[in-house]
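# Fold the following.
(chains A, B, C and D)
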Protein chains: 2
Amino acid sequence: MVLASTQSRLDDFRARCADAGLAATHQRLVIYRTLVESKDHPSPELVFDRVREEIPSISQATVYKNIRTFVDIGLLREVNRLHQTNRLDANLDRHHHLICVRCEKVTDLYDDQLDGARAREESPGGFQVLNYQVEAYGVCPDCQPTEPARIAH
Amino acid sequence: MVLASTQSRLDDFRARCADAGLAATHQRLVIYRTLVESKDHPSPELVFDRVREEIPSISQATVYKNIRTFVDIGLLREVNRLHQTNRLDANLDRHHHLICVRCEKVTDLYDDQLDGARAREESPGGFQVLNYQVEAYGVCPDCQPTEPARIAH
DNA sequence: ATCTTAAATAATAATAATTATTGTTTAGGA
DNA sequence: TCCTAAACAATAATTATTATTATTTAAGAT
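Now for the predicted structure:
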């Protein structure tokens, strides 16, 4: 498996911005590089702290706004798409979730094949796994674009 | 597969509260019943709205506090344990995540066995799945309790 | 190289979600 | 019934995020 290097990602940065019609500003480059170099899945607040070491004058809003922009154009991902508010589940039976990326509806997913999901090694990197949970991201029936009605001639 | 009924869960409610040393108050019963009857994985705010239809005088803080209590004693689960703040990932390669339930550290998990995780049916319930992502919850090495040193006699 | 203009930025205000505080009320045992 | 710790309602405070606005800058046209 070959992973993209930091340098190759930065090489692409201007091109990706151009594709999206975004100016490749210094702030954006530093924010993006900081994220590529961060292996710890930082919060926006932590990214702000790190970027501020290089650009002390940058504002929090600029960091938040550009993170959002990067997510929108697919340059970044959120570990968790349901981070804006808690979502509760009183169902303690083993199950997984379907999450609609458009309306954020969550549906239970019972599937014994998914129940068997576990990593090859017992404890990857000394991490003691308590349980594996599968999240299926997609589009729920209500949010699927209906085929536009053909107009008869 | 047999799922616990609403009634059987309510039957257990007092016992579970007693076990945890919690008074089985009317407010708690209504909050819990509302959650058991909600199939839509509601937010605390939505639970508050629903509970308020039965107990108009209840305060938001009571609902939030008891939800937290129920999660703490394992009567409820959060769909997503990382909901308090966004967490970012500039790594677009296919991978999964290890999430420490104690310190909320997130670690990348590459595993081709997990890569194959997908539900039996193509589109469960008409839901169009874009991708499956596995979250492994557990305890990271830093957070694992070290064996208390034996005192030599 | 300079000019122009739309986009980006910094500063700040506002909003939303959650948690803490405090005085009052209630559950459950003596 | 009385007592006391726990739970409650009301409210203030905190944290994360987004919106607003005036200023600055990037990038193409001159």
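
# Tell me the helices and strands packed up against whichever strand or helix holds residue A:114.
Following DSSP states H and E, one finds residue A:114 within helix A:112-115. Applying 3 or more CB pairs under 8 Å, 6 or more residues apart in numbering or on different chains; DSSP states H and E, we find helix A:112-115 packed against no helix or strand. For every residue, glycine as well, the C-beta is placed using N, CA and C.

# Now do that helix, average pLDDT.
Averaging pLDDT along helix A:112-115 yields 94.

# mind listing what's buried in whatever helix or strand comes next after it?
Going down the chain from helix A:112-115, the next helix or strand is strand A:128-139, by DSSP H and E. Using 16 or more other CB atoms under 10 Å in any protein chain shown as the burial criterion, the residues of strand A:128-139 that qualify are A:128-129, A:132-136, A:138-139.

# I'd like those residues written out as CSV, with distance to chain B and pLDDT added.
Output for the buried residues of strand A:128-139, formatted as CSV (distance: CB to the nearest CB, whole Å; pLDDT from 0 to 100):
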residue, distance to chain B, pLDDT
A:128, 5, 94
A:129, 4, 95
A:132, 5, 95
A:133, 5, 95
A:134, 5, 96
A:135, 5, 96
A:136, 5, 96
A:138, 4, 95
A:139, 5, 95
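
# Distance to residue B:58 added to those residues, as a markdown table?
Output for the buried residues of strand A:128-139, formatted as a markdown table (distance: CB to CB, whole Å):
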| residue | distance to residue B:58 |
| --- | --- |
| A:128 | 39 |
| A:129 | 38 |
| A:132 | 37 |
| A:133 | 31 |
| A:134 | 35 |
| A:135 | 32 |
| A:136 | 35 |
| A:138 | 36 |
| A:139 | 36 |
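
# among the helices and strands of chain A, which has the poorest mean pLDDT?
Within chain A, no helix or strand scores below helix A:6-20, which has a mean of 77 by mean pLDDT, DSSP states H and E.

# can you list the residues of chain A near DNA strand C?
Neighbours of DNA strand C within chain A, by CB under 7 Å from any atom of the strand: A:22-23, A:25-28, A:55, A:57-62, A:65-66, A:84-86.

# Burial check on residue A:120, number of neighbours?
By other CB atoms under 10 Å in any protein chain shown, 10 other residues sit near residue A:120.

# typo on my end, it should be residue A:32
Neighbour number of residue A:32 under other CB under 10 Å is 23.

# which residue packs closest to it, ignoring adjacent ones?
residue A:13 (5.9 Å; CB to CB, 6 or more residues apart in numbering or on different chains).

# do residue A:16 as well
That would be residue A:75: by CB to CB, 6+ apart, it lies 5.8 Å from residue A:16.

# Kindly report the same for residue A:82.
residue B:80 (4.6 Å).

# Tell me if the one you found really is in a helix.
No - applying DSSP: H, G, I helix; E, B strand; the rest coil, one finds residue B:80 to be coil, outside a helix.

# From the residues of chain A next to DNA strand C, list the buried ones, please.
Among those, the ones that count as buried (16+ other CB under 10 Å) are A:22, A:27-28, A:58, A:62, A:66, A:86.

# In strands only, show me these.
Of those, none are assigned to strands by DSSP state E.

# Give the partner strands of whichever strand or helix holds residue A:98 in its sheet and their orientations.
Taking DSSP H and E as the criterion, residue A:98 maps to strand A:96-100. Each strand paired with strand A:96-100, and its direction, by DSSP bridges: strand A:106-109 (antiparallel), strand A:128-139 (parallel).

# Just put these in TSV and tack on distance to residue B:103.
Shown next, in TSV, are the strands paired with strand A:96-100 (distance: least, CB to CB, whole Å):
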stretch	distance to residue B:103
strand A:106-109	25
strand A:128-139	13
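
# Low-confidence ranges, chain A, go.
Filtered on pLDDT under 70, chain A yields the residue ranges A:1-11, A:147-153.

# Residue numbers of it in contact with DNA strand D?
So chain A meets DNA strand D at A:17, A:23-26, A:43-45, A:60-61, A:64, A:68, A:83-84 (CB under 7 Å from any atom of the strand).

# Go back to the residues you listed and keep what's next to chain B.
For chain B, the contacts drawn from the residues of chain A next to DNA strand D by CB under 8 Å from any CB of the partner chain are A:43-45, A:83-84.

# Quickly check these for the two that are furthest apart.
The distance between the two most remote of those (CB to CB) is 14.9 Å, for A:45 and A:84.

# Can you name the residue of chain A nearest to DNA strand D?
Residue nearest to DNA strand D within chain A (CB to the nearest atom of the strand): residue A:61, separated by 3.3 Å.

# For residue A:45, which three-state class applies?
Under three-state DSSP, the three-state class of residue A:45 is helix.

# what about it, how many neighbours?
13.

# Quick one: residues contacting it.
Contact partners of residue A:45, counting by CB atoms under 8 Å, 6 or more residues apart in numbering or on different chains, are A:60, B:85.
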